[in-house]
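# quick check, what structure comes out for this input:
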Amino acid sequence: MTPITRALFVGLFLGCTAHPTASAQDMVTIPAGPFLMGTQDGREDERPAHTVTLRAFELDRLQVTNADFARFLQQHGPTDPAGRRYFDWDDRDARIHQIDGKWRADPGFEDHPVVEASWLGALAYCRSFGKRLPTEAEWEKAARGTDGRRYPWGDAPPTVAHARFAAGWNETVPVSTHSAHPSPYGVIGLAGNAWHWVSSAYRPYPYRDDDGREDLAPGPVRATRGGGHDSRAEDLRTTERGRTLSRGPAAGHHNIGFRCAR
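Numbers count the residues shown, from 1 in each chain. Sure, this is the predicted structure:
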């Protein structure tokens, strides 16, 4: 099953209406071809380094914001037809709340990355625009390019000019803050601020899209990428998979967001 077919299937499963021509925001094209995934000198779950060849795809230039997700909640509600949560609205870290019957981003946080969206909620949001979550391999290629860079901007160690990291609890910043240091393809904010949900189950390498890790049925723990606002500098590496991060897919988390692919 191709990624697009999987996205169509999960949209029906989640009960969201697809709008294949709609787009929440600008997208960047990531060209087809091979790239090096993983590393030989990183953590155990990042090994071995191996070549993965991908078809061309598109990725949102920016992460989904609280304002974006509030509009989704207003249209689709906070749960799927089976009652599973799209968003942990009652968590103290949530930055979207229902006021007078309308879901709204908290003042001052409208353009910050949405957090507390479950993996299921991220899937449903992307599906509502005829999109999908990126696979783990797609995310890494978008961040790393074909030159094996350590961070999306290159090999220079992270600074506050590059990314939001080592900050306090829930101290995110607007998603376009680090637009001066994009990935090799022009994607903004792939490191720090909020981790990214990806479609792939968290399984050992080598990555293969036909070994079951891209089965979208709810249940398995999913990989997360990119690091968050409260991450250490080393967690911003393009090969980091978030192995020590709290990331149960049925719940939202204070430092995990997402962006969509197509």
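
# distance of Pro81 from Ala70?
For Pro81, the distance to Ala70 equals 21 Å [C-beta to C-beta, to the nearest Å]. No exception for glycine: its C-beta is placed from N, CA and C like everyone else's.

# and those two? which has more neighbours close in?
Ala70 (22 against 10; other C-beta atoms under 10 Å).

# what's the helix or strand harbouring the more buried one in contact with?
Following DSSP states H and E, the helix or strand that holds Ala70 is helix 66-76. Residues outside helix 66-76 that contact it (C-beta atoms under 8 Å, 6 or more residues apart in numbering) are 16, 24-25, 86-87, 95-96, 98, 102-106, 109-114, 117, 121, 124-125, 128.

# so which of the residues you listed sit within strands?
The members of the contacts of helix 66-76 that map onto strands under DSSP state E are Ile96, Gln98, Lys102, Trp103, Arg104, Ala105.

# beta partners for the second one?
Beta-bridge partners recorded for Gln98 (DSSP bridges): Trp103.

# re earlier: want to throw the ones in strands among the contacts of helix 66-76 into TSV with pLDDT and distance to Arg164?
TSV is the format used below for those (pLDDT from 0 to 100; distance: C-beta to C-beta, whole Å):
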residue	pLDDT	distance to Arg164
Ile96	98	19
Gln98	98	27
Lys102	98	29
Trp103	98	25
Arg104	98	23
Ala105	98	18
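
# out of those residues, which end up buried?
Ile96, Trp103, Arg104, Ala105 (16 or more other C-beta atoms under 10 Å).

# against Trp139, how distant is Arg127?
Arg127 is 18 Å from Trp139, by C-beta to C-beta.

# check contacts around Asp230.
Phe165, Ala166, Ala167, Gly168, Trp169, Glu171, Asn255.

# so what's the residue count around the first one?
As a burial measure, Phe165 scores 21 neighbours (other C-beta under 10 Å).

# over to Ala137?
21.

# likewise for the one 10 residues further on?
Taking other C-beta under 10 Å as the neighbour definition, Asp147 ends up with a count of 10.

# mind checking the SS state of it?
Following DSSP: H, G, I helix; E, B strand; the rest coil, Asp147 is assigned to coil.

# can you read off the pLDDT for the closest residue to it other than its chain neighbours?
Using C-beta to C-beta, 6 or more residues apart in numbering and skipping residues adjacent in sequence, the residue nearest Asp147 is Pro184, 7.2 Å away. pLDDT, Pro184: 97.

# double-check Pro184 against Gly148; I have them as touching.
No. Using C-beta atoms under 8 Å, Pro184 makes no contact with Gly148, being 10.8 Å away.

# how near is Cys241 to Glu136?
No, residue 241 isn't Cys; it's Arg. Going from Arg241 to Glu136 by C-beta to C-beta gives 8 Å.

# for Ala82, that is, sorry about that
26 Å.

# so for those two, which residue has more residues nearby?
With neighbours defined as other C-beta under 10 Å, Ala82 and Glu136 compare such that Glu136 has more, 27 against 10.

# list the contacts of that one.
For Glu136, the contacting residues are Val198, Ser199, Ser200, Tyr207, Arg213, Ala223, Arg225, Arg241, by C-beta under 8 Å, 6+ apart.

# excluding chain neighbours, what is closest to it?
Leaving aside its sequence neighbours, Glu136 sits nearest to Ser200 (C-beta to C-beta, 6+ apart; 3.8 Å).

# mind checking the SS state of that neighbour?
strand.

# now do the one 3 residues further on
Three-state call for Arg203 (three-state DSSP): coil.

# if we can go back for a sec, now the helix holding Ala70 - C-alpha only, CSV.
Provided in CSV are the C-alpha atoms of helix 66-76 (Å, rounded to 0.1, in the frame of the first residue of the first chain):
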residue,chain,number,x,y,z
ASN,A,66,-2.2,26.1,17.9
ALA,A,67,-4.4,28.3,15.7
ASP,A,68,-4.3,25.7,12.9
PHE,A,69,-5.3,22.9,15.2
ALA,A,70,-8.0,24.9,16.9
ARG,A,71,-9.7,25.4,13.6
PHE,A,72,-9.5,21.6,13.1
LEU,A,73,-11.1,21.0,16.5
GLN,A,74,-13.8,23.4,15.8
GLN,A,75,-14.7,21.5,12.6
HIS,A,76,-14.2,17.9,13.7
